[in-house]
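Participant: Got a sequence here, can you model it:
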Amino acid sequence: MSQPNYYMHPNRQYRDNPLIEALGQPLTMQQFYALSELPFINNVDLTGVDASLHGYYIRTLIDQLNDIYAVQDEAYRLYDVMRRMIEAGYDKRNPLRTDIRRILTAIDRDKTNPNQVAYLSSLELYSVLQSYLLIGLSGRGKSFMVRRILKLFDQVIEHFKYTDHKGREHTLDQSQVTYLYVEIHERRGQKALLLNMLEALDEVTGQAYAYEHRNRSVNELITIVRKLLIGHSVGLVVVDEAQNLAKSSRNEVLSINEKTSIKFVEELFNRVGVPIMLVGTFATLALFERETTIGRRVTKNGSMLLASCDSNSSFWKRFIRLLCQTQLLKNQSTSVDTLCRHIHYLSAGIPAIASSLVRATLAYLTFLEPQDQDLSIASLDLVFNREFRVLTPALTALRRGDYHKFEDFEPMLMLESVASHSDVMTQITPPPAMNLVQGEVELSDKPVSSQIEVQKRKKLDQLSPSVLLGQLGYNLDKVKPK
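Facilitator: Here you go, the predicted model:
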């Protein structure tokens with residue numbers, strides 16, 4: 001918990017709102033990078049340690065490379081959006097006015113039918129609807145980036161006294177929770193999500209809402225969660241693993257065992273004016289195939305779609321330099337630029353895979369003689385083929401654009417690079433048919449009808465040349481149309 005450091009907002013629309021002004025000034029880009037990055041710290045002192053054990057303790061240090069963090073190029077823009085969403089969400093929840101009391105009253109009146117929200121709708125909170133969609137490849141670093149940004153906000157702020165810009169003093173007894181972070185677990189129902197929300201609130205407030213309301217119905221829990229979100233002045237709800245949500249049905253049913261749909265989540269929060277941010281893999285796109293309205297609502301503040309990291313991006317170069325702590329080796333000679341390119345090729349530009357590969361290779365090299373300790377193309381290839389071969393089919397499909405071969409990649413058929421140029425990356429030994437999509441992407445102007453296109457491509461893969469030509473009306477023996 002922290003004490004508010006009120007800052008008079010330059011935007012008069014937000015002025016004299018303690019919940020907004022308690023956030024203080026936003027961070028500059030320089031401040032953001034300085035506070036976000038997690039450097040590598042060599043804390044190993046081998047003084048007096050038997051030389052035969054040096055390798056072991058160096059490997060414990062290599063394990064800690066899992067804790068480093070290089071700020072992604074898109075992170076500051078995401079921080080900016082999240083910060084503005086929180087501010088906008090508080091615009092109609094000013095504790096100095098009757099806003100909060102009116103919302104709580106409307107929630108209570110709607111409790112017999114929380115799915116219809118007739119009274120809440122009359123408050124027109126949709127005018128401050130704030131929502132954002134962050135989607136990317138698994139292992140791209142989406143979740144960690146979001147959690148790292150959230151740490152820059154004071155999660156709980158206690159209000160006691162506030163002085164407005166006219167010098168009037170107001171007594172407040174208000175606890176403000178700036179954000180909540182929850183994960184959607186696969187095959188879990190609506191009640192499980194609602195209890196997860198209460199558990200997240202318990203964790204930051206010290207209450208026991210989840211236990212207290214564990215036997216409530218879904219209808220009752222919706223009302224309870226909404227009241228607590230408003231009562232604790234929750235500024236933003238981040239819902240991670242959004243690909244585990246179910247597609248919305250035409251008639252939403254409230255039930256303990258009913259799967260949690262994208263529509264259920266969106267209406268749970270936005271009906272009461274609490275901003276929501278959905279984070280998920282590209283499989284999340286399938287939730288919007290036939291739901292234009294929901295797609296529009298959950299991207300009110302926009303969206304960000306992240307494919308493999310760009311090999312020439314500032315982030316990738318900083319990340320590899322931070323990751324490749326070659327000073328731990330005895331005979332490093334391969335250049336960082338060479339490592340940067342080759343690690344990108346092997347990992348297909350996915351940071352999580354790159355991190356695992358480099359750590360495994362560094363650890364392997366510490367077992368070798370000093371003269372052989374070089375993090376090189378050969379050593380990376382050796383460890384990749386020995387320990388990460390299981391990833392080869394998926395990474396090959398990703399590099400070649402064969403997204404139809406893996407269910408997780410299928411929605412990528414609808415993507416294209418947002419850059420004006422999408423040059424194929426150059427590798428030391430580029431394989432054929434390289435078609436790796438890198439950096440930030442967007443839905444194509446000519447989207448693929450994904451299900452039909454996927455089935456077509458899968459069938460084509462299964463056809464032999466003779467069968468394929470036969471389907472086209474040719475006979476290989478006669479070499480002429482049938």
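Participant: quick one: the strands in the stretch 201-350 of the chain?
Facilitator: Secondary structure of the stretch 201-350 of the chain (DSSP state E, counting those that start in this stretch): strands at 237-240, 276-280, 303-306.
Participant: Name all residues that make contact with the residue nearest to Thr260 when sequence neighbours are not counted.
Facilitator: Distances taken as C-beta to C-beta, 6 or more residues apart in numbering put Leu193 closest to Thr260, at 4.8 Å, once the chain neighbours are dropped. For every residue, glycine as well, the C-beta is placed using N, CA and C. Residues near Leu193 by C-beta atoms under 8 Å, 6 or more residues apart in numbering: Val182, Ile184, Thr260, Phe264, Val265.
Participant: Show me the two of these that sit farthest apart.
Facilitator: With C-beta to C-beta as the measure, no two of the contacts of Leu193 lie farther apart than Val182 and Phe264, at 13.5 Å.
Participant: More neighbours: which of these two?
Facilitator: Between Val182 and Phe264, counted using other C-beta atoms under 10 Å, the more crowded position is Phe264 (23 against 17).
Participant: Gln325 versus that one, what's the distance?
Facilitator: 46 Å (C-beta to C-beta, to the nearest Å).
Participant: Determine which of the strands of the stretch 201-350 of the chain approaches Lys247 most closely.
Facilitator: Judging those by C-beta to C-beta, what sits closest to Lys247 is strand 276-280, at 13.3 Å.
Participant: For the residue nearest to Thr260, report the pLDDT, please.
Facilitator: On pLDDT, Leu193 comes in at 88.
Participant: and it, that's in a strand?
Facilitator: No - Leu193: not assigned to a strand; according to DSSP: H, G, I helix; E, B strand; the rest coil it is helix.
Participant: Adding distance to Gln243 as columns, could you present the contacts of Leu193 in TSV?
Facilitator: Output for the contacts of Leu193, formatted as TSV (distance: C-beta to C-beta, whole Å):
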residue	distance to Gln243
Val182	15
Ile184	8
Thr260	12
Phe264	15
Val265	13
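Participant: Which of those residues scores worst on pLDDT?
Facilitator: Lowest confidence among those: Thr260, with 77.
Participant: Give me the neighbour count for it.
Facilitator: 23.
Participant: swap in Ala200?
Facilitator: Counted with other C-beta under 10 Å, Ala200 comes out at 21.
Participant: Could you export the helix or strand harbouring it as PDB, CA atoms only?
Facilitator: For Ala200, the host element (DSSP states H and E) is helix 190-205. Taking Å, rounded to 0.1, in the frame of the first residue of the first chain, the C-alpha atoms of helix 190-205 are listed here in PDB:
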ATOM      1  CA  GLN A 190     -18.000 -19.000 -15.200                       C
ATOM      2  CA  LYS A 191     -18.000 -19.500 -11.500                       C
ATOM      3  CA  ALA A 192     -14.300 -20.400 -11.500                       C
ATOM      4  CA  LEU A 193     -13.500 -17.100 -13.200                       C
ATOM      5  CA  LEU A 194     -15.600 -15.100 -10.800                       C
ATOM      6  CA  LEU A 195     -13.900 -16.800  -7.800                       C
ATOM      7  CA  ASN A 196     -10.500 -16.200  -9.400                       C
ATOM      8  CA  MET A 197     -11.400 -12.500  -9.500                       C
ATOM      9  CA  LEU A 198     -12.300 -12.500  -5.800                       C
ATOM     10  CA  GLU A 199      -9.000 -14.400  -5.000                       C
ATOM     11  CA  ALA A 200      -7.000 -11.700  -6.900                       C
ATOM     12  CA  LEU A 201      -8.800  -9.000  -5.000                       C
ATOM     13  CA  ASP A 202      -8.200 -10.900  -1.700                       C
ATOM     14  CA  GLU A 203      -4.500 -11.100  -2.500                       C
ATOM     15  CA  VAL A 204      -4.100  -7.300  -2.600                       C
ATOM     16  CA  THR A 205      -6.700  -6.300   0.000                       C
END
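Participant: Relative to the whole chain's centre, how far out is that helix?
Facilitator: 20 Å (C-alpha atoms, centre = their mean, to the nearest Å).
Participant: secondary structure class for the spatially closest residue to Leu362 that is not a sequence neighbour?
Facilitator: Distances taken as C-beta to C-beta, 6+ apart place Ile62 nearest to Leu362, at 4.8 Å, with adjacent residues excluded. Put simply, Ile62 is helix when judged by three-state DSSP.
Participant: which residues touch stretch 55-72?
Facilitator: By C-beta under 8 Å, 6+ apart, stretch 55-72 touches 32-33, 36-44, 46, 49, 141, 144-145, 148, 315, 318-319, 322-323, 325, 328, 355, 358-359, 362-363, 366-367.
Participant: residue ranges with poor pLDDT in the protein?
Facilitator: 1, 115-118, 124-128, 187-188, 248-258, 289-297, 404-435, 443-482 (pLDDT under 70).
Participant: Show me the contact partners of stretch 38-48.
Facilitator: His54, Tyr57, Ile58, Thr60, Leu61, Gln64, Leu65, Asp67, Ile68, Tyr69, Leu322, Gln325.
Participant: Just the CA trace of that stretch, in PDB.
Facilitator: Extracted in PDB, the C-alpha atoms of stretch 38-48 (Å, rounded to 0.1, in the frame of the first residue of the first chain):
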ATOM      1  CA  LEU A  38      16.400  -6.400 -15.300                       C
ATOM      2  CA  PRO A  39      20.200  -6.700 -15.900                       C
ATOM      3  CA  PHE A  40      22.400  -9.700 -15.300                       C
ATOM      4  CA  ILE A  41      24.300  -9.500 -12.000                       C
ATOM      5  CA  ASN A  42      27.300 -11.700 -11.400                       C
ATOM      6  CA  ASN A  43      27.000 -12.600  -7.700                       C
ATOM      7  CA  VAL A  44      29.400 -15.600  -7.700                       C
ATOM      8  CA  ASP A  45      32.500 -15.400  -5.700                       C
ATOM      9  CA  LEU A  46      34.800 -18.300  -6.300                       C
ATOM     10  CA  THR A  47      37.500 -17.300  -3.800                       C
ATOM     11  CA  GLY A  48      38.600 -20.400  -1.900                       C
END
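Participant: list the contacts for Leu123?
Facilitator: Lys92, Arg102, Ile103, Ala106.
Participant: What is the neighbour count of the closest residue to Val437 other than its chain neighbours?
Facilitator: For Val437, ignoring the flanking residues on the chain, the nearest one in space by C-beta to C-beta, 6+ apart is Ala307 at 4.4 Å. Ala307: 25 surrounding residues under other C-beta under 10 Å.
Participant: Tell me if I'm right that Ala307 and Gly401 touch.
Facilitator: No - taking contacts as C-beta atoms under 8 Å, Ala307 lies outside contact range of Gly401: 10.8 Å.
Participant: Overlap in contacts, those two.
Facilitator: In contact with both Ala307 and Gly401: Val437, using C-beta under 8 Å, 6+ apart.
Participant: Cool, thanks, signing off.
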